[in-house]
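[1] Sequence and predicted model, in that order:
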Amino acid sequence: MTRVVLRRLASSVIVMWGAASLIFLIIRLAPGGPALVLLGPDAQPEEVAELTTRLGLDRSLPEQYLAYLWDVSRLDFGDSYRLGQPAMEAVLTRLPASLELAAAAAVIAVCVGLVLGLIAGYRRGGVVDRVTSALTIGLQAFPTFWVGIMLILLFALVLRVLPSSGVGTPAHLVLPAVTLSLPFTAIVARLTRSSLVEEMDEPYATTARAKGLTDRQVLIGHALRNSLTPVLTVVALQLGALIGGAVVVENVFAWPGLGSLIVSAVNNRDYAVVQAATLTIAGIIVLLNLLADLATARLDPRIRLGAA
Amino acid sequence: MSAPPVSTQTTAAETVTFAPARRRGRVRRGGVWVPLSIVLGYVLVALVAPVLIGYDHVATPVGDRLLPPGASTSDGTTAWLGTDGLGRDIAAQIVYGARTSLIVATVAVTLSALVGMIVGAVAGLIGGWLDVVLSRLIDVLLTFPGVLLAIVIAGLFSRGLLTVVIALSVTAWTPFARVARNVTLSIKEREWVSAARLMGIRRPAMLVRHILPFVVPPMVAMATVEFALVVLAEAGLSFLGIGLPASVPSWGQTVANGKEYLDTAWWISASPGIALFVLVVSVGLLGDQMSARLGRTGRSTGS
C-alpha cells in the first residue's frame, strides 16, 4: 500500500507541475503583456519599460519560468492589480462559497443518482428504469445555464418560493445546487445501474444465488459493495467537472464563488487571479483524483496488492 | 519503465452517454432516422438562413420591443417567437444562432478529431517516450475542467472564430487521442501489421494503410458525441459573453440577453435553450447509433 501511495503522490506532483506550466504558457501567449494591462492603453513607453523590469518580465523566458515555478510552489501568485490584495487571498475568500455549492450539488447528485441507479438496476425494465434512462438522456442535453434561468423563472418569479440569486440563507443555495447537480445525477444514476447489472451477473453472484440466497441478499451482501467501487472513482472524477460546471452556474445565480471571480478576472486580464484560481481548481482536482485512486486501492485488493 | 502509464482518469466524453447500457450494441431499425432528419433539418436551416429569414443585428426597431410570441411587428410580419429587448426577432436569432453553433462545433470537432487521431495513432505505433509524454500531457489537460480552460483561453485572447475553436479544442482532442492510441496498440500486434513490418514497409505508410482504417470508425462515432458537448460548451461561452463577438448571433448570447427581461418576456431566454436541447439530444442519439454500428467507443479503458 505504501508503494502505491508514493507512486500516486509522485505522479500527482508531476501533473501539477504540468498544469502550472500550461497556465504559464497560455498567459505568455495571450496578447497584451501584463505591464500594458496594469498601466492602461495611455501608458508612456518609459513607464511600461520600468514596470516590466520591476515585474521581472525583461528576464529571459527560462528565468521567468523558474521564478514562476518557485512562486507557485510557495502559492505566491502576486497581487491582483484590480482587487488590491494578494491573488491567493482573493481566491481563498471566494473558495468556501464554491466548495459549498459543489458539495451541495454532489450530495444531491450522489443521493438521488444512487437511489435511482440501484432501483433501475435491481428492477431492470421497470418503471424507474425507463424513467431513469429517459432522464439520463434529457438531463445531460440541457445547458446548465439555461436550466438555471428556467428554474429562476419558475421558482423565483412565477411561484415566488425561492430567491433568484445571491447568498445568505440556505434557501439561496437550493436553485444553484439543484441546477448544478442535474447532469451529475444522470451520470451517477446511469453508472450505478450499469455497474450493479454487471456485478449481479458475475460468477460470485451466481454462486451466492446457487447457495440459496435471494436476489435482495445477493445485492446487499455481495454486489452492492463491488458495484460502488467504479461509481466512487467516477464521482471523484466528476467532482472536477462539477467545479467546472460551477463556474458557469455561479454566473447565472450571482453566487460569489471562484467561478464568478475567474470570469471577471479573465475579462479584466487580471493575470495573477487567473493563475491563482485556475491552479487552485487544478490542485483540488488532482487531490480528488489522488483520493479516489487511493480509495479504490483500499476497496479493491487487486490494486492494493500491486497486481494491477 | 516497462509499460506506459495507463491513466485511470476519464474524460467527459467517455462518461457522457445518451443511451442506457441495455440498448448498447443492439441497433434498432429506424432508430437512426428520426435524429438524423432532425440534425439534417438544423443543417439545412443553418445553410439557407439568409434566404429564409432576414435578420439585422444592428437594427433596433424599439417600437417592437418585447413582443410576445405570435405578435405582429410594425412592418407587418409575424414574430413567431416574439422579440427581444431591442425589438429584434427571436426566431431569426435562433436560425442564425444555429448557423453559429453548427459552424463552431463542426470546425472544432473536425480539428480535435484529426489532431487526436494522428497524435494518438503515432504515439501508439511508435510507443516509448513519445507515448509516455502523450499520456502525461492528457493527464495534465484533464486536471482542468474543460470549461475552465475554454473560458481562460477564450477570455484572454482576441475574440473570433479561431479563438473559440481553439478554446474548445484544447481539451476536446484528448478522448480522440486516447481511443486512437488504444486501437493502434491492439492493431499493431495483428498479423498483417507484422507482415507489413517484415516486408519493410515504412512506418508512415503502415500508419496510413494498415492502422488508420481501423482507427477511423470509432473516431466518427466519438465525433458525434463530442459534437453535442462542443455545442453545449460554445453556448456556455457565449452565455458568459466570451464567445464569438457580440455582433454574431448565438444561442447562449440570446439566453443571456433575455435574463434581464425574465419576469416580463420569458420567451427570449426560453426558446434558444429548447433549440439547443433538441439539437444536442438528436446528435447524442445519433452518436449512440453510430457507436453501436461502428464498434468501439471511448469507453474502452486501455490495454
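    Structure's in. What do you need? Just so it is clear, the model here is predicted, and its values are computed rather than measured. Numbering: from 1, shown residues only, chains lettered A, B, ... in the order given.
[2] Is chain B within reach of the helix or strand where residue A:276 lies?
    Assigning secondary structure by DSSP states H and E places residue A:276 in helix A:271-299. Yes: counting by C-beta under 8 Å from any C-beta of the partner chain, chain B has neighbours in helix A:271-299: A:274, A:278, A:281-282, A:285-286, A:289, A:293, A:296. Any C-beta I mention is one placed from the backbone N, CA and C, and that applies to glycine too.
[3] what's whatever residue of chain A ends up closest to chain B in contact with, if anything?
    Of the residues in chain A, the one nearest chain B is residue A:244, at a distance of 2.2 Å by C-beta to the nearest C-beta. Going by C-beta atoms under 8 Å, 6 or more residues apart in numbering or on different chains, residue A:244 touches A:281, B:144-148.
[4] do that again at 10 Å, thanks
    Taking C-beta atoms under 10 Å, 6 or more residues apart in numbering or on different chains, we find residue A:244 in contact with A:102, A:238, A:259, A:281, A:285, B:12, B:144-151, B:236.
[5] Pull out the buried positions in the helix or strand containing it.
    Element membership of residue A:244, judged by DSSP H and E, is helix A:224-253. Residues A:226-231, A:233-253 are the ones in helix A:224-253 that count as buried (16 or more other C-beta atoms under 10 Å in any protein chain shown).
[6] from the chain's centre, how far out does that helix sit?
    6 Å (C-alpha atoms, centre = their mean, to the nearest Å).
[7] Residue A:82 reaches residue A:268, doesn't it?
    Yes: shown here, residue A:82 and residue A:268 form a contact pair, counting by C-beta atoms under 10 Å, at 5.5 Å.
[8] can you tell if stretch A:204-215 touches chain B?
    No: using C-beta under 10 Å from any C-beta of the partner chain, stretch A:204-215 stays clear of chain B, with a minimum separation of 17.1 Å.
[9] How about stretch A:9-20?
    Yes: when contact is scored as C-beta under 10 Å from any C-beta, part of stretch A:9-20 falls within range of chain B: A:11-12, A:14-20.
[10] For the buried ones among the residues you listed, write the corresponding ChimeraX selection.
    ChimeraX command restricting the residues of stretch A:9-20 next to chain B to the buried ones, with burial defined by 16+ other C-beta under 10 Å:
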select /A:11,12,15,16,18,19,20
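[11] From the residues of stretch A:9-20 next to chain B, which land in helices?
    When the residues of stretch A:9-20 next to chain B are checked against helices (DSSP state H), the matches are A:11-12, A:14-20.
[12] Quick check, central residue of the chain?
    Just so you know, I chose chain A. Central residue of chain A (C-alpha atoms, centre = their mean): residue A:240, 2.2 Å from the mean position.
[13] could you do chain B instead?
    residue B:227 (2.4 Å).
[14] Quick check, pLDDT for that one.
    At residue B:227 the predicted local confidence, pLDDT, stands at 92.
[15] Next, work out how far apart it and chain A are.
    Remark: distance between residue B:227 and chain A (C-beta to the nearest C-beta, to the nearest Å) = 12 Å.
[16] Next, that residue: phi, psi?
    Phi and psi for residue B:227, reported as degrees, to the nearest 10, are phi -60, psi -50.
[17] shouldn't it be in contact with residue B:42?
    No: at 11.4 Å, residue B:227 does not count as touching residue B:42 under the criterion of C-beta under 10 Å.
[18] For the two, list the residues in contact with both.
    Shared contacts of residue B:227 and residue B:42, defined by C-beta under 10 Å, 6+ apart, comprise B:102, B:279, B:283.
[19] which residues touch the last one?
    What that stands for is residue B:283. Residue B:283 sits next to A:141, B:18, B:35-36, B:38-39, B:42, B:105, B:223-231 when contact means C-beta under 10 Å, 6+ apart.
[20] Keep only those of these that are in helices.
    When the contacts of residue B:283 are checked against helices using DSSP H, the ones located there are A:141, B:35-36, B:38-39, B:42, B:105, B:223-231.
[21] from what I can see residue B:50 touches residue B:249, true?
    No: between residue B:50 and residue B:249 no contact is recorded; they are 12.0 Å apart, counting by C-beta under 10 Å.
[22] More neighbours: which of those two?
    Summary of the neighbour comparison: residue B:50 and residue B:249, criterion other C-beta atoms under 10 Å in any protein chain shown, with residue B:249 having more neighbours (23 against 11).
[23] would you say that one is within a strand?
    No: counting by DSSP: H, G, I helix; E, B strand; the rest coil, one finds residue B:249 to be coil, located in no strand.
[24] now the chain, which segments are flagged as low pLDDT?
    If you meant another chain, say so; for now it's chain A. In the predicted model of chain A, residues A:32-42, A:55-56, A:300-308 satisfy pLDDT under 70.
[25] I was thinking of chain B, sorry if that wasn't clear
    Applying pLDDT under 70 to chain B picks out residues B:1-30, B:52, B:54-67, B:70-71, B:73-76, B:78-80, B:85, B:87, B:295-303.
[26] Relative to residue A:133, how far out is the residue of it found nearest chain A?
    Residue nearest to chain A within chain B: residue B:145 (2.2 Å; C-beta to the nearest C-beta). When distance is defined by C-beta to C-beta, to the nearest Å, residue B:145 is 26 Å away from residue A:133.
[27] buried residues in the helix or strand harbouring residue B:149?
    Following DSSP H and E, the helix or strand that holds residue B:149 is helix B:146-156. Residues of helix B:146-156 classed as buried: B:146-156 (neighbour count, 16+ other C-beta under 10 Å).
[28] Can you give me the neighbour number for residue B:194?
    Burial of residue B:194, expressed as a neighbour count using other C-beta under 10 Å, amounts to 11.
[29] For chain A, just list every one of the helices.
    Taking DSSP H to define them, one finds helices in chain A at A:2-29, A:34-39, A:45-54, A:61-73, A:87-122, A:127-141, A:144-151, A:170-200, A:203-210, A:215-218, A:224-253, A:258-267, A:271-299, A:301-304.
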